[in-house]
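> No sequence on hand, only this structure:
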């Protein structure tokens, strides 16, 4: 049993987000107190066990995503959503910065009804607030199978010796 499964068995919760290049998204969430585990991978598509090359082809339907295991006593799902909304531009369809393709789409993959309700409520609140110059195109869909990306993608910026972040200009 891996650390992810051990944490989930201990009562920690899971969240899955896609917001462009998964390296920067993972780096942002790893800085949040209460986040106990992260992994980057692929979800939301049709191909079983996709590789990075498969996903980059744009033919799998998968998004580059981050799976997060967190302690809800320390950080709430809504807090994680606030990070999500602040680290990318949710008004660009299938694109973040220079990265283009369906694999870079903005998506919230919910794991239960409370996550679904919270995600839709925060999206609606942000849209009404007029924070963005366009409509929020973030999809909110049920979580499906999450395929872990190749090892060299995991904690990529840490392995490269810097705190990292993808250049997204809001």
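It's in. Note that the structure is a prediction, hence the values are computed from the model and not measured.
> Kindly give the local confidence score, pLDDT, for residue 150.
On pLDDT, residue 150 comes in at 76.
> How about it: what's its closest non-neighbour residue?
residue 52 (5.9 Å; Cβ to Cβ, 6 or more residues apart in numbering). To be clear about C-beta, it is placed using only N, CA and C from the backbone, and glycine gets the same treatment.
> And for the one you found, the neighbour number?
17 (other Cβ atoms under 10 Å).
> Give me the phi and psi angles of it.
The phi/psi pair for residue 52 (degrees, to the nearest 10) reads phi -60, psi -40.
> What of residue 61?
According to degrees, to the nearest 10, residue 61 has phi 80, psi 0.
> Quick check: it touching residue 50?
No: when contacts are counted by Cβ atoms under 8 Å, residue 61 is not listed as touching residue 50 (9.3 Å).
> sec struct for residue 53, please.
Under DSSP: H, G, I helix; E, B strand; the rest coil, residue 53 falls in the helix class.
> any idea whether the nearest residue to residue 133 once chain neighbours are set aside is helix, strand or coil?
The shortest distance from residue 133 to any non-neighbouring residue, by Cβ to Cβ, 6+ apart, is to residue 91 (6.8 Å). Of the three states, residue 91 takes coil under three-state DSSP.
> Would you agree residue 91 is in contact with residue 134?
Yes: counting by Cβ under 8 Å, residue 91 touches residue 134, with 3.9 Å between them.
> gap between residue 41 and residue 9?
Residue 41 sits 20 Å away from residue 9, going by Cβ to Cβ, to the nearest Å.
> Determine the number of other residues adjacent to residue 153.
Considering only other Cβ under 10 Å, residue 153 is surrounded by 18 other residues.
> The nearest residue to it once chain neighbours are set aside sits in which helix or strand?
Nearest residue to residue 153, sequence neighbours excluded (Cβ to Cβ, 6+ apart): residue 40, at 5.1 Å. According to DSSP states H and E, residue 40 maps onto strand 35-43.
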